[in-house]
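K.L.:
From the sequence below, what's the structure:
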Amino acid sequence: TNPPVAIPQVPAGLSAGDVATSSLAIAWKPVDDVEGYNIYRKGNGENEFVRIDSTVSPRYIDDSVSVDHTGYSYKVTAENEMGESAPSDELDIAMPLPAKPSNLFVGLKGKTFVGLVWTSHGEATQYNIFRESEGEPAQYVGYAKVDTYYDRTVEPGVEYTYYIKGKSASGESEPSNSVVVRTLGAPGK
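P.N.:
Modelled structure (predicted):
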């Protein structure tokens, strides 16, 4: 007869693969005599590991991550007919910063408003809008949850420079391209 089946060894060698704001990949060394692996995860700031999935392969892509977290920790167990191994060592993966917004342009302008439009790439929880004006340094003027923003705090006939930064729990992206716009009307009217 064959030797008795034992509970599998603990998976070792957990490592990060491709890291993106939409998915995190992990891999580990294969374990002998397994039927599958269980993936456990906790987000930064959470107290408990929760089983999120199982796989028969010694690698996994977690596409249920969120930019609301600064990162995630993973543990993996091996399982066969005799039971589940102890968990692997913990693997911590930081969420990357969002990609910088691109293609910023002025959609509309008037005496008292400037409408901005950009491409966001969907990797941020919000988009922070910054504005410079003649002789004044850049300042934060507001944020948007979508790819458009109307700045209704401008003065007539003034030249402004705008740029956008994507923001997530991990921080802010690099700034988008800048656009320069002069509002309609004469200054001070």
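K.L.:
shaky segments in this structure?
P.N.:
Low-confidence segments of the chain (pLDDT under 70): 188-189.
K.L.:
Just the helices from the protein, written as ranges.
P.N.:
All residues of the chain lie outside helices when identified by DSSP state H.
K.L.:
Need the distance between the two termini of stretch 89-98.
P.N.:
Using C-alpha to C-alpha, to the nearest Å, one end of stretch 89-98 lies 28 Å from the other.
K.L.:
which residues touch it?
P.N.:
Stretch 89-98 is contacted by residues 12, 14-16, 19-21, 24, 26, 65, 67, 69-75, 121, 123-124, 166-174 when judged by C-beta atoms under 8 Å, 6 or more residues apart in numbering. C-beta: built from backbone N, CA, C; applies to glycine.
K.L.:
how far does it sit from the chain's center?
P.N.:
11 Å (C-alpha atoms, centre = their mean, to the nearest Å).
K.L.:
got it, and stretch 85-102?
P.N.:
10 Å.
K.L.:
Okay, buried residues for that stretch please.
P.N.:
Across stretch 85-102, burial judged by 16 or more other C-beta atoms under 10 Å covers 85, 87, 88, 91, 93, 95, 96, 97, 98, 99, 100, 101.
K.L.:
Thank you, goodbye.
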